[in-house]
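> return a 3D structure for these sequence lines:
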Amino acid sequence: MTTDGGSETTADTSGPAGEIANPLEVFTLDQLRRRRSMKWRAHPADVLPLWVAEMDVPLAEPVADALREAVDAGDTGYPAGTEFAESLAGFAVRRWKWDGVAVDRAAMIPDVMMGAVQVLRLVTDPGGPVVVNSPVYAPFYAFIAHDDRRIVEAPLGPDHRIDPQTLEDTFRDLRRRDSSARIAYLLSNPHNPTGTVHTREELATVAQSARRYGVRVVADEIHAPLVLPGAEFTPYLSVPGAEDAFSLMSATKGWNLAGIKAALALAGPEAADDLRRMPEEVHHGASYLGVIAHTAAYRHGDRWLDALLTGLDANRALLGRLVAEELPEVGYVRPEGTYLAWLDCRALAAEEAPTSTDLAVVTDLAGPAKLFLDEARVALSSGHIFGTGGAGHVRLNFATSQGVLREALGRMGAAVRRRG
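Next up, the predicted model:
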C-alpha cells in the first residue's frame with residue numbers, strides 16, 4: 001500500500017497466508033484526507049495531523065463484520081445484557097492473566113471520561129479535591145472542573161513516572177486540611193501523554209498510600225491494550241490495597257472506536273456498593289452499536305491488535321531515529337505504551353503565551369506546537385494543555401504510516417533549521 005498520496009489502493013487487512021497486514025500501512029494519504037473525523041477536518045489539507053488520539057487504520061474485520069450484521073438486521077436498539085463485560089473478562093484473562101473482571105461489579109457507561117465524572121460523583125463532594133499526576137490527559141482538567149470538583153496536581157517525576165513521595169505528600173496535606181474530606185485520585189494507566197506504563201510495584205505503592213489517607217482511586221485504563229514490547233500492563237484493581245478502587249476500561253483506543261462510544265466501569269470488591277449507586281440512566285448512555293463493536297473487539301480482535309502493536313513498535317523505533325536526526329535539540333523518552341510520544345521542545349525557545357487560559361480548550365496552541373503548525377504544517381497537541389510540566393512540550397501521535405511520520409519529522413526539522 002502507498003502512503004504518500006500516490007496511486008489509489010483498496011483497503012485490505014490480510015497479508016500472505018492469512019496474516020493480518022500492518023493496519024498502519026493500509027490507507028494512502030489521499031484516502032485519509034477524505035475522512036470527516038476531527039483529526040482530518042480540524043486543519044487545512046496541507047497540514048499533517050499528528051495530534052488527537054485517532055489512528056490511521058481500518059476497522060478490524062471482526063468489528064466491521066459485527067457492525068454490518070447488526071445494521072443489516074436492523075438491530076439498532078438499546079444495549080442490554082452482560083456480554084460486553086464478559087468479553088472484557090475473557091480479554092483480561094488472555095492478555096493480562098487477570099481474572100478480576102467480575103460481571104456483577106461492572107457497569108456500562110457512555111465513555112471513559114463520562115464514566116470518570118459519574119464515579120467521582122459517587123466518591124467525592126462538590127468542590128472536593130481530585131488529585132492528578134501532571135502533565136496528564138487534558139480532558140481530566142476540563143471534566144473535573146466542569147463538574148465542580150477541584151484539581152490538585154501531584155506532578156510526575158523528571159523520569160515521567162509517578163513520584164511516590166510527591167503523591168504521598170499531596171494525600172497527607174489534603175487529609176490534614178480536612179479530616180472528613182472525600183478525596184479521589186484520578187490515575188492515568190498507562191499514562192497519557194508520556195506513554196509511561198506503571199509497574200506493579202509502583203501501583204502497589206500508590207494503593208498503600210491511598211489506603212493510608214483514605215483516598216479513593218479511579219483508574220483510567222483506556223490505553224491498557226496498547227502496551228508495547230518491553231513493558232507489561234498491570235490492572236490497577238489487581239494490586240493489593242485496590243479493593244475499594246475503580247477502573248474505567250474501553251476498546252476505544254486499542255481498536256480506534258472513538259466514534260462508536262461504549263465503556264465499562266469496574267469496581268473492586270469494597271467499591272461494589274458505591275457502583276450500585278450510579279444512576280440507572282447513566283448505563284443507557286452507551287451506544288448499542290458501540291457495545292456491539294467493543295464486544296467484538298475484545299472477543300475476536302486479538303490478531304488485529306497484535307498486528308497493530310507490531311506496527312506501533314516499528315513506528316516507535318522510527319520516531320526515535322527521526323527525532324535524533326531531524327530534531328537533535330528535542331528530548332524524546334521512548335514511550336512504553338499508547339501511540340503517543342511526549343517531546344521536550346524547551347530548547348527551541350518557542351515559549352509563546354497560549355491564546356486561551358482555559359485548559360479545556362484542547363485545540364489551543366502555544367510555543368512549539370504553534371511553531372510546528374505555522375512553519376512546518378504539522379499539527380501536534382500543545383503541551384501546556386496537559387497541566388503543570390507541559391509547557392514547552394508537544395504530544396505527537398505516531399499511529400500513522402511510516403511515510404507520514406518521515407514527512408512530518410522532515411518538515412519539523414526543516415522548520416527548526418530555518419529559524420537558525
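> care to break this protein down by domain?
Listed by automatic domain parsing, the domain ranges of the chain are 16-58+302-419, 67-300.
> just want the most central residue of the protein.
For the chain, the residue nearest the mean C-alpha position is His223 (4.8 Å; Cα atoms, centre = their mean).
> give me the phi and psi angles of that one.
Dihedral angles of His223 (phi, psi; degrees, to the nearest 10) stand at phi -90, psi 10.
> thinking again about what came up before, same list (the domains of the chain) but as CSV, adding mean pLDDT.
Converted to CSV, the domains of the chain look like this (pLDDT from 0 to 100):
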stretch, mean pLDDT
domain 16-58+302-419, 92
domain 67-300, 98
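> what comes up buried for the longest helix seen in the chain?
The single longest helix within the chain, with elements called by DSSP state H, is helix 302-326. Of the residues in helix 302-326, 302, 304-305, 307-312, 315-316, 319, 322-323, 326 count as buried by neighbour count, 16 or more other Cβ atoms under 10 Å. (C-beta placed from N, C-alpha, C; glycine too.)
> helices or strands up against that helix?
helix 83-96, helix 252-255, strand 331-332, strand 340-344, helix 402-419 (3 or more Cβ pairs under 8 Å, 6 or more residues apart in numbering; DSSP states H and E).
> and of the ones you listed, who's closest to Met113?
helix 252-255 (10.3 Å; Cβ to Cβ).
> could you dump stretch 229-244 to CSV, C-alpha only?
Taking Å, rounded to 0.1, in the frame of the first residue of the first chain, the C-alpha atoms of stretch 229-244 are listed here in CSV:
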residue,chain,number,x,y,z
PRO,A,229,7.2,-4.7,23.8
GLY,A,230,9.4,-4.2,26.8
ALA,A,231,6.6,-3.3,29.2
GLU,A,232,3.6,-5.1,30.9
PHE,A,233,0.2,-3.7,31.8
THR,A,234,-0.9,-4.2,35.4
PRO,A,235,-4.6,-3.6,36.0
TYR,A,236,-4.9,-1.3,39.0
LEU,A,237,-7.6,-3.5,40.6
SER,A,238,-5.2,-6.4,40.6
VAL,A,239,-2.8,-4.9,43.1
PRO,A,240,-3.1,-5.3,46.9
GLY,A,241,-4.9,-2.4,48.6
ALA,A,242,-7.0,-1.6,45.5
GLU,A,243,-10.1,-3.3,46.7
ASP,A,244,-12.0,0.0,47.2
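> which other residues reach it?
92, 95-96, 98, 100, 187, 189-190, 197-200, 203-204, 206-208, 210-211, 216-217, 219, 221, 224, 227, 245-247, 266, 268-271, 309, 313, 336-337 (Cβ atoms under 8 Å, 6 or more residues apart in numbering).
> how about Phe372: what's its closest non-neighbour residue?
Leaving aside its sequence neighbours, Phe372 sits nearest to Val378 (Cβ to Cβ, 6 or more residues apart in numbering; 4.8 Å).
> sorry, back to before: highest mean neighbour count out of the helices and strands packed on helix 302-326?
helix 252-255 (a mean of 25; mean count of other Cβ atoms under 10 Å).
> got the CA positions of the helix or strand just after that helix in PDB?
Once the chain leaves helix 252-255, the next helix or strand it forms, by DSSP states H and E, is strand 263-267. These are the backbone C-alpha positions of strand 263-267, laid out as PDB (Å, rounded to 0.1, in the frame of the first residue of the first chain):
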ATOM      1  CA  ALA A 263     -17.100   1.700  28.100                       C
ATOM      2  CA  LEU A 264     -17.200  -0.200  31.400                       C
ATOM      3  CA  ALA A 265     -16.800   0.900  35.000                       C
ATOM      4  CA  LEU A 266     -15.300  -1.800  37.100                       C
ATOM      5  CA  ALA A 267     -15.400  -1.800  40.900                       C
END
